[in-house]
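*Asks:* I need the structure of the sequence given here:
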Amino acid sequence: MNTNTQFQKLKPLLKKTVFRASEARELGISPSLINYYIKKGMIERVDRGVYRSSNQDLDVDFRYEDLVLVSKSIPDGVICLISALTLYELTDEIPRAHWIAVSHSSRAPRRSGARIVRMRNIDLGKTEFALGSEKVQIFDVERTILDSFRYLGVEIGVKALKAALARSGKDKLDLKKLQKYAKELRVKIAPYIMAVTT
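*Replies:* Numbers count the residues shown, from 1 in each chain. Predicted coordinates for the structure are as follows:
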């Protein structure tokens, strides 16, 4: 079978933002053939074992292209902590790496530019966030604030909580949801809510 016929097998994967070598193998595409397509400029290597179409432009603000590619390359990965705070505009910190949560029981792949955090209860507060035409998995604002207290420290958590409480309208912080999550995650949030609202 010639290389062009083989390339046609990749068509469904080329429509995705990124695809993994294991997905290509399932379609009968060998690693040597992947390397051939890279040399010919037909696909690009995003990271180890992760590829994308050379013809596909991401419809995403250039500041978030890497974040989209990294998060989509990690199966069941969820944007969290500093990366989530940045997207929600609840911090002025600039993340040096893309923070991605994975289940504590999963085997997390290594990705350049990613900081992998193993977490329990990965489904609590998981939602989608639109970046241009791409949708990424991210923890909602309430879970992100609680995780900030748990993983980043009180100072960052309090700043994020204060910024979120200052919002109104559709961006208003859901205090009931925050307290429900706090109970599930065993975070004593009430004293901090009292401190920043009085």
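
*Asks:* okay, Ser106: pLDDT?
*Replies:* If you check Ser106, the pLDDT there is 84.

*Asks:* meant to ask about Glu142, not that
*Replies:* In this prediction Glu142 is given a pLDDT of 97.

*Asks:* The strand or helix carrying it: what's the following helix or strand?
*Replies:* Per DSSP states H and E, Glu142 falls inside helix 141-147. Per DSSP H and E, helix 141-147 leads on to helix 154-165 as the next helix or strand towards the C-terminus.

*Asks:* What helices and strands are in contact with the helix holding Glu142?
*Replies:* Here helix 141-147 touches helix 81-87, helix 154-165, helix 175-185, going by 3 or more C-beta pairs under 8 Å, 6 or more residues apart in numbering; DSSP states H and E. All C-beta atoms are positioned from the backbone trio N, CA, C, and that covers glycine.

*Asks:* One more pass at 6 Å, please.
*Replies:* For helix 141-147, the elements it packs on are helix 154-165, helix 175-185, judged by 3 or more C-beta pairs under 6 Å, 6 or more residues apart in numbering; DSSP states H and E.

*Asks:* What residues sit buried inside the longest one?
*Replies:* Spelled out, that is helix 154-165. Ile156, Gly157, Val158, Lys159, Ala160, Leu161, Ala163, Ala164, Leu165 (16 or more other C-beta atoms under 10 Å).

*Asks:* now the helices and strands packed on helix 141-147 as CSV including mean pLDDT and distance to Ser83?
*Replies:* Formatted as CSV, the helices and strands packed on helix 141-147 follow (pLDDT from 0 to 100; distance: least, C-beta to C-beta, whole Å):
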stretch, mean pLDDT, distance to Ser83
helix 154-165, 95, 13
helix 175-185, 96, 19
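
*Asks:* out of those, nearest to Thr198?
*Replies:* Taking C-beta to C-beta, helix 154-165 is the member of the helices and strands packed on helix 141-147 nearest to Thr198, at 11.6 Å.

*Asks:* chain center to the closest one, what's the gap?
*Replies:* The chain centroid and the centroid of helix 154-165 are separated by 21 Å under C-alpha atoms, centre = their mean, to the nearest Å.

*Asks:* try stretch 188-198
*Replies:* 29 Å.

*Asks:* pull the CA atoms of that stretch into PDB?
*Replies:* Taking C-alpha atoms only, stretch 188-198 is exported to PDB below (Å, rounded to 0.1, in the frame of the first residue of the first chain):
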ATOM      1  CA  LYS A 188     -12.300  25.200  55.800                       C
ATOM      2  CA  ILE A 189     -13.300  28.100  53.600                       C
ATOM      3  CA  ALA A 190     -15.800  29.900  55.900                       C
ATOM      4  CA  PRO A 191     -13.100  31.900  57.900                       C
ATOM      5  CA  TYR A 192     -11.700  33.200  54.700                       C
ATOM      6  CA  ILE A 193     -15.100  34.200  53.300                       C
ATOM      7  CA  MET A 194     -15.700  36.000  56.500                       C
ATOM      8  CA  ALA A 195     -12.300  37.700  56.400                       C
ATOM      9  CA  VAL A 196     -12.600  39.100  52.900                       C
ATOM     10  CA  THR A 197     -16.300  40.100  53.200                       C
ATOM     11  CA  THR A 198     -16.100  42.100  56.400                       C
END
